[in-house]
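[1] Sequence and predicted model, in that order:
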Amino acid sequence: MEFEFIEDAELRAKVVDAYNNSIMEIKDSHKLAMDEAVNGLRSKNVELLDEKKQTQQKLKKFEEYDFDAANEALDFLKNNKNAQLIKDGKVDELIEKETSTLRSDHETALGELNARLSELQRHGELYESLYKTKMVEDSLREAAIAAKIRPEAITDVLLHGRNIFALAEDGSVEARDTEGKLRKTADDKVLTTSNWIEGLKRTSPHYWPDSLGAGARGGGPGDEGDLTIALNRAAASGNMTEYRRLRKKAGKQ
């Protein structure tokens, strides 16, 4: 994974290094587990062959009718299950028995490696999502500041804008419809963060500071101009209790 979507070269280099180091750790761990399993099988094979050789040497003593040796061999066969399997010609069964534990440990190690890989993948997807969200929010914030939106209203603009805009493959911020086509404004222009915010002046005028004209409509506290300003501020702050109180007051004037 190249993480080309990260524009900051230093940040991208750190993420790539962390990702590559994690992959190398997984590969090294996997190779170590395989090498240990193979070496274990080889050692066990040598051990079994040596054990078989010892058993055969003891059985040769029976040719001389050495009853003590025969009893000793019988005791050995009786108390050593592996030797009994060799005697019965069940070498494959013995190998299966001795390697089953190794296979189980190996499968457990592989399961842990796969879980670690899945975790790294989830983290990568999370970082990518956070990065894309930040890029969209930065574009919206820049457009909102340029449009002179109230500072306290920018958070609300970001929340709405994140549902409309997304980061494109080329790193630009765009808006597409459900069919994947670029969204356009009423005058058939491609929708951008700038012209989208410009459209908010009609639907959400309270995002902007009160104009000088609005304040000049009345001469003193409590006049229509001041009441309009208070209404806009209450709406911008989300204080609906104050907003309803002011609306009621406005209706009595």
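    Perfect, thanks for sending it.

[2] Where does pLDDT dip in the protein?
    Scanning the chain for pLDDT under 70 picks out the ranges 1-3, 38, 59-71, 73-82, 84, 87, 94, 97, 211-238, 250-253.

[3] Which parts of it belong to which domain?
    Domains of the chain are assigned by automatic domain parsing as 9-139, 147-209, 210-253.

[4] okay, those in TSV with mean neighbour count next?
    Using the backbone N, CA and C atoms, a C-beta is placed for each residue, glycine as well. TSV is the format used below for the domains of the chain (neighbours: other C-beta atoms under 10 Å):
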stretch	mean neighbour count
domain 9-139	13
domain 147-209	14
domain 210-253	13
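
[5] for this structure, what's the longest helix?
    Across the chain, the longest stretch assigned as helix under DSSP state H is helix 91-146.

[6] now the angle between helix 91-146 and the following helix or strand past that one, please.
    On the C-terminal side of helix 91-146, the nearest following helix or strand under DSSP states H and E is helix 154-162. Angle, helix 154-162 to helix 91-146, by axes from the mean of the first three to the mean of the last three C-alpha atoms, to 10 degrees: 120 degrees.

[7] Walk me through which strands the helix or strand that helix 154-162 is followed by pairs with, and which way each runs.
    Downstream of helix 154-162, the first helix or strand assigned by DSSP H and E is strand 166-167. When pairs are called by DSSP bridges, strand 166-167 turns out to pair with strand 173-174 (antiparallel).

[8] How far does the partner strand sit from its chain's centre?
    23 Å (C-alpha atoms, centre = their mean, to the nearest Å).

[9] name the helices or strands packed onto the next helix or strand after it?
    Using DSSP H and E, the next helix or strand after strand 173-174 towards the C-terminus is helix 193-203. Packing contacts for helix 193-203, counted by 3 or more C-beta pairs under 8 Å, 6 or more residues apart in numbering; DSSP states H and E, involve helix 91-146, helix 154-162.

[10] Tell me what angle the last one forms with helix 193-203.
    Relative orientation of helix 154-162 with respect to helix 193-203: 110 degrees, computed using the same axes, to 10 degrees.

[11] got the contact list for helix 154-162?
    Helix 154-162 has contacts (C-beta atoms under 8 Å, 6 or more residues apart in numbering) with 133, 136-137, 140-141, 144-145, 149, 193, 196-197, 200, 207.

[12] May I see the helices and strands packed on helix 193-203 arranged in CSV, with distance to Arg245 as well?
    Compiled in CSV, the helices and strands packed on helix 193-203 are given as follows (distance: least, C-beta to C-beta, whole Å):
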stretch, distance to Arg245
helix 91-146, 29
helix 154-162, 21
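
[13] which stretch among these comes nearest Glu169?
    Smallest distance to Glu169 across these (C-beta to C-beta): 10.9 Å, for helix 91-146.

[14] so what does that closest one touch, helix or strand wise?
    helix 9-60, helix 81-87, helix 154-162, strand 166-167, strand 173-174, helix 193-203.
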